[in-house]
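K.L.:
Any chance you can model this:
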Amino acid sequence: MRRVLNFPFLLVLVVFVFAFRLQPSQNLIDRAETVSHGAFDALLKNHVTASGVVNYVGFKENAEFKAYLKTLSNAQPINTNWSREEKLAFWINAYNAFTIELITKNLPLKSIRDIEEPWKQEFITISEKKYSLNTIEHEILRKMNEPRIHFAIVCASYSCPKLLNAAYSADQLEEQLLTQTKLFLSDTKRNKIQPDKAELSEIFNWFQVDFTVNGSVVDFINRYSDVKVKASAELNYLPYDWSLNNK
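P.N.:
Here you go, the predicted model:
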């Protein structure tokens, strides 16, 4: 006996299956529009001192930290209607959060450089795409033409800028970047600035191209430093301390 096909039923079934297959991507979009960095903000306040010293053990088995990393992974910051400030805040927080995760997975450590290829490992998943810390820094953040990101992203080392014990947010981003830049320049452990001579962090050497888009390195420093450097000043770079910035 020939079976009679129930076309309305089949149509409903096809639509249901198609919708189900699309659901993960749709969830990514929905979550991207509601990304909150509040959990990370609370964690940073609890586990990072005002001087930027990090309690990595406190992050290691923390359920809220794992949930926040999952939130970042489910976000979709590329090709969205996010503002420039929202994208900058997202990627700065992502860089710092996943750096913390990398450290916690490799404890005990004396330095991030004890990890094999720490910046090249593609251990980060965001919107179903793999990233390394290098990719986030060089292919995303640096291309956003905001040199002050170099004082916000932290490579888990003492000569890096101090890790801010708060999450970056779009509505406070300008104030946060301004404060971090001024603090970094005024920190005599990282920069020794005098009118006729400046001993600078290697960050100004490594990323000189970023700081000279609108003038010289001296011009950049003088925009944010209380001590003004002469154009004729001698510039040297301080040794970089890669020791882990932990308690």
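K.L.:
Surely Cys160 and Val154 touch.
P.N.:
Yes - between Cys160 and Val154 there is a contact under CB atoms under 8 Å: 4.8 Å. The C-beta positions use only the backbone N, C-alpha and C, and glycine is treated the same way.
K.L.:
any residues in contact with both of those two?
P.N.:
Common contacts of Cys160 and Val154 (CB atoms under 8 Å, 6 or more residues apart in numbering): Asn245.
K.L.:
Tell me who's in contact with Ile92.
P.N.:
Leu141, Ile149, Ala152, Ile153, Tyr168.
K.L.:
meant to ask about Ala89, not that
P.N.:
His37, Ala167, Tyr168, Ser169, Ala170, Leu173 are the contacts of Ala89 under CB under 8 Å, 6+ apart.
K.L.:
how much space between Ile115 and Trp242?
P.N.:
As judged by CB to CB, to the nearest Å, Ile115 and Trp242 stand 11 Å apart.
K.L.:
my bad, should have said Thr188
P.N.:
Counting by CB to CB - Thr188 and Trp242 are separated by 19 Å.
K.L.:
who has more neighbours, these two?
P.N.:
More neighbours surround Trp242 than the other of Thr188 and Trp242, with 17 against 9 (other CB atoms under 10 Å).
K.L.:
quick one, what contacts the more buried one?
P.N.:
If you count contacts by CB under 8 Å, 6+ apart, then Trp242 has Ser111, Ile112, Arg113, Ser157, Tyr158, Ser159 around it.
K.L.:
Provide the backbone phi and psi angles at it.
P.N.:
phi -90, psi 10 (degrees, to the nearest 10).
K.L.:
can you pull the pLDDT of it?
P.N.:
In this model, Trp242 is scored at 99, pLDDT.
K.L.:
ok, back up a step: most neighbours out of the contacts of Trp242, which is it?
P.N.:
Ile112 (21 neighbours).
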